[in-house]
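Colleague: take a look and give me a structure for this.
(4 chains)
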There are 2 protein chains.
Amino acid sequence: MNIKDVAARAGLPAKTIRYYEEIGLIRPLRAANGYRAFRESDLHKLAFLGRARSLGFTIEECRALMALYEDQSRASADVKALAQSHLAQIAAKIEELKAMQATLTDLVSACAGDHRPDCPILAGLASDRSSGKDCCA
Amino acid sequence: MNIKDVAARAGLPAKTIRYYEEIGLIRPLRAANGYRAFRESDLHKLAFLGRARSLGFTIEECRALMALYEDQSRASADVKALAQSHLAQIAAKIEELKAMQATLTDLVSACAGDHRPDCPILAGLASDRSSGKDCCA
DNA sequence: TATGAGGCTTCCCGTCACGGGAAGGTCAAG
DNA sequence: CTTGACCTTCCCGTGACGGGAAGCCTCATA
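Modeller: Okay, here's the model as predicted:
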């Protein structure tokens, strides 16, 4: 299988696949002409990586997940710990965004949004009322 | 005022302040010895920028906000539009994260997390059941 | 006056996960 | 034989800075 086929089947751009090889996440064979020759197992790994990435795991977390996946003697507790740590980060990010959302929604709702220059949004940004750095970790 | 003082007062790292000058967000004066000489107005702008950044506005959005802030003939509608567009992006990001959170929570709750190698999390990542790229925009 | 500690400056590389695009080799069809 | 679609490597760019080196400047103290 050449790269375009795996790309289509794994749902990943060819560039991404080359990058994953470069950083050692996959090790496809090489044909005589220098083309990458992907096995089914490579495709499988790429699909695994694509799904892990789409769940927000970083590349290094994906590397750890792959290692666990290939380690027949792994403990599921290790996987669960990794996933839970990632879940905590997702939750933290959501909270951060919600705080921004709340502050900004307040400012926006106070703004007439007409042709006049008076704007509570700019005033809020300029004078630090209930906005600003205390809202975010 | 030297850079360390503004940094402390604006709540921004000195590196960030130099960066903001480099990209033209602020234009502090220079003393005879080459040091940056910040006015109160520079400090004010930096505080404005810090608050806008903490609300998740990108640098370019901050640049636009600053321009509006300094434009006495602005229409508040322009500011409101910018803020609302940003709010929409925040909301989208939150939804994306929530989708990840839901999928991953399912997988985690299905995992025993003991010393055995059986792990629904890895199985889910490997076989695309209710996870994967269809969950996210 | 020397010296040492702490400012300040510029400059350059590293981050993270790729994307864009150039220059050039390869393959299958007409 | 040519054309066009592949494939390869290589290098630069992203966003918003952080780290650290090399080299001035300044002030206080011995």
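Colleague: may I see the buried residues of stretch A:46-65?
Modeller: Across stretch A:46-65, burial judged by 16 or more other C-beta atoms under 10 Å in any protein chain shown covers A:46-57, A:61-65. Every C-beta, even on glycine, is put in place using the N, C-alpha and C of the backbone.
Colleague: can you check stretch A:66-75 too?
Modeller: A:66, A:68-69, A:74-75.
Colleague: and for stretch A:3-18?
Modeller: A:3, A:6-7, A:10-12, A:16-17.
Colleague: hmm, back to that, the buried residues of stretch A:46-65 in helices, which ones?
Modeller: Those of these mapping onto helices are A:46-54, A:61-65, per DSSP state H.
Colleague: next helix or strand past the top helix by length along chain A?
Modeller: Assignment by DSSP H gives helix A:76-109 as the longest helix of chain A. Using DSSP states H and E, the helix or strand that follows helix A:76-109 towards the C-terminus is helix A:120-127.
Colleague: export the buried residues of stretch A:3-18 to JSON lines and tack on distance to B:L125, secondary structure and pLDDT?
Modeller: Shown next, in JSON lines, are these (distance: C-beta to C-beta, whole Å; DSSP: H, G, I helix; E, B strand; the rest coil; pLDDT from 0 to 100):
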{"residue": "A:I3", "distance to B:L125": "22", "secondary structure": "helix", "pLDDT": "97"}
{"residue": "A:V6", "distance to B:L125": "18", "secondary structure": "helix", "pLDDT": "97"}
{"residue": "A:A7", "distance to B:L125": "19", "secondary structure": "helix", "pLDDT": "97"}
{"residue": "A:A10", "distance to B:L125": "13", "secondary structure": "helix", "pLDDT": "96"}
{"residue": "A:G11", "distance to B:L125": "14", "secondary structure": "coil", "pLDDT": "96"}
{"residue": "A:L12", "distance to B:L125": "14", "secondary structure": "coil", "pLDDT": "97"}
{"residue": "A:T16", "distance to B:L125": "17", "secondary structure": "helix", "pLDDT": "98"}
{"residue": "A:I17", "distance to B:L125": "17", "secondary structure": "helix", "pLDDT": "98"}
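Colleague: okay, now the unreliable bits of chain A?
Modeller: A:129-137 (pLDDT under 70).
Colleague: domains of it?
Modeller: A:1-56, A:89-137 (automatic domain parsing).
Colleague: wait, A:Y69 touches B:G124, no?
Modeller: No. Applying C-beta atoms under 8 Å, one finds A:Y69 not in contact with B:G124, separated by 11.2 Å.
Colleague: picking up where we left off before, of the buried residues of stretch A:3-18, which is the nearest to DNA strand D?
Modeller: For those, the residue nearest DNA strand D by C-beta to the nearest atom of the strand is A:I3; the value is 4.2 Å.
Colleague: ok, that closest one - contacts?
Modeller: A:14, A:17-18, A:35-36, A:38 (C-beta atoms under 8 Å, 6 or more residues apart in numbering or on different chains).
Colleague: stretch A:98-114 near DNA strand D at all?
Modeller: No. When contact is scored as C-beta under 7 Å from any atom of the strand, no part of stretch A:98-114 falls within range of DNA strand D; the minimum is 13.5 Å.
Colleague: is that stretch anywhere near chain B?
Modeller: Yes. Contact of stretch A:98-114 with chain B (C-beta under 8 Å from any C-beta of the partner chain) involves A:98, A:100-101, A:103-105, A:107-108, A:111-114.
Colleague: now swap in stretch A:36-49 and tell me
Modeller: Yes. Interface with chain B: stretch A:36-49 contributes A:44, A:47-48 (C-beta under 8 Å from any C-beta).
Colleague: put the alpha carbons of that stretch into PDB.
Modeller: C-alpha atoms of stretch A:36-49 as PDB (Å, rounded to 0.1, in the frame of the first residue of the first chain):
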ATOM      1  CA  ARG A  36       7.000   3.600   1.700                       C
ATOM      2  CA  ALA A  37       5.300   0.200   1.700                       C
ATOM      3  CA  PHE A  38       2.600   0.100   4.400                       C
ATOM      4  CA  ARG A  39       1.400  -3.200   5.900                       C
ATOM      5  CA  GLU A  40      -2.100  -3.700   7.400                       C
ATOM      6  CA  SER A  41      -0.500  -3.400  10.800                       C
ATOM      7  CA  ASP A  42       0.800   0.100   9.900                       C
ATOM      8  CA  LEU A  43      -2.700   1.100   8.800                       C
ATOM      9  CA  HIS A  44      -4.000  -0.300  12.000                       C
ATOM     10  CA  LYS A  45      -1.600   1.700  14.100                       C
ATOM     11  CA  LEU A  46      -2.300   4.900  12.100                       C
ATOM     12  CA  ALA A  47      -6.100   4.500  12.700                       C
ATOM     13  CA  PHE A  48      -5.300   4.000  16.400                       C
ATOM     14  CA  LEU A  49      -3.200   7.100  16.500                       C
END
